[in-house]
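*Asks:* Using only what follows, build the 3D model:
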Amino acid sequence: MHQYSNQNVETKQEKVLFVPLTSIDDFPDHPFQVKDDEEMQKLMTSIQIEGVLSPLIVRQKKNGRYELISGHRRKYACQSLNLKQVPVIVRNFSREEAVIAMVDSNLQRERILPSEKAYAYRMKMEAMKHQGQRTDLTCAPMEHKSVGEKTRDVIAAELGESREQVRRYIRLTYLIPELLEMVDQEKIAFRPA
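*Replies:* Predicted coordinates:
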């Protein structure tokens, strides 16, 4: 297993620190599932052989602990391997910036459930709202009376989705959990849901 030194490593003016795994809290309401599946086993094997190649992204909390922004799967793998310290990059993010970074970093994953994408889009929309941007993502097209770029347009452009598809995903978050689970399991099609 690859061993880290206790010295800090410089990368693009950011420092990679090694912090106790027990001082890192998961992101509140993190919409992406961390599964103990075949992919997780591959990640654990990689960490055993090479170490953690990509540092976790965290932000400092007022109580001195850290809030995990990116790296929930890596954190889980390290916990399963009983590692004591992990490499992190500490970013000075506001709550809204942290939400947007967390969503954007996870949307790059290969497999994402409809429920994960739905809650991620909704979280990003709400974070953008708190930054003073438009939030009329879920309104009907005929209700737009003002001109200018809508939040759904911004999100759609960033993610390569149509604005109506973004709206549909966000609407999924209003389903009862049992129906949303059926969408994830492909027992109910996305559009009718």
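
*Asks:* In this structure, spot the helix with the most residues.
*Replies:* Looking across the chain with DSSP state H, the single longest helix is helix 114-130.

*Asks:* Give me the helices and strands touching the helix or strand following that helix, please.
*Replies:* Next helix or strand after helix 114-130 toward the C-terminus (DSSP states H and E): helix 151-159. Applying 3 or more C-beta pairs under 8 Å, 6 or more residues apart in numbering; DSSP states H and E, we find helix 151-159 packed against helix 114-130, helix 163-172. Where C-beta positions appear, they are placed from N, C-alpha and C, glycine not excepted.

*Asks:* Can you point out the buried residues in the shortest one?
*Replies:* Counting neighbours by 16 or more other C-beta atoms under 10 Å, one finds that the buried residues in helix 163-172 are 163, 165-170, 172.

*Asks:* For Ser23, see how far away Ala157 is.
*Replies:* To Ser23, Ala157 is 37 Å away according to C-beta to C-beta, to the nearest Å.

*Asks:* Equivalent analysis for Lys124, please.
*Replies:* 27 Å.

*Asks:* Please say which of those two ends up with more neighbours.
*Replies:* It is Lys124, of Lys124 and Ser23, that has more neighbours when counted by other C-beta atoms under 10 Å, with 26 against 15.

*Asks:* unless I'm mixing things up, the more buried one is touching Ile155, no?
*Replies:* Yes - when contacts are counted by C-beta atoms under 8 Å, Lys124 is listed as touching Ile155 (6.2 Å).
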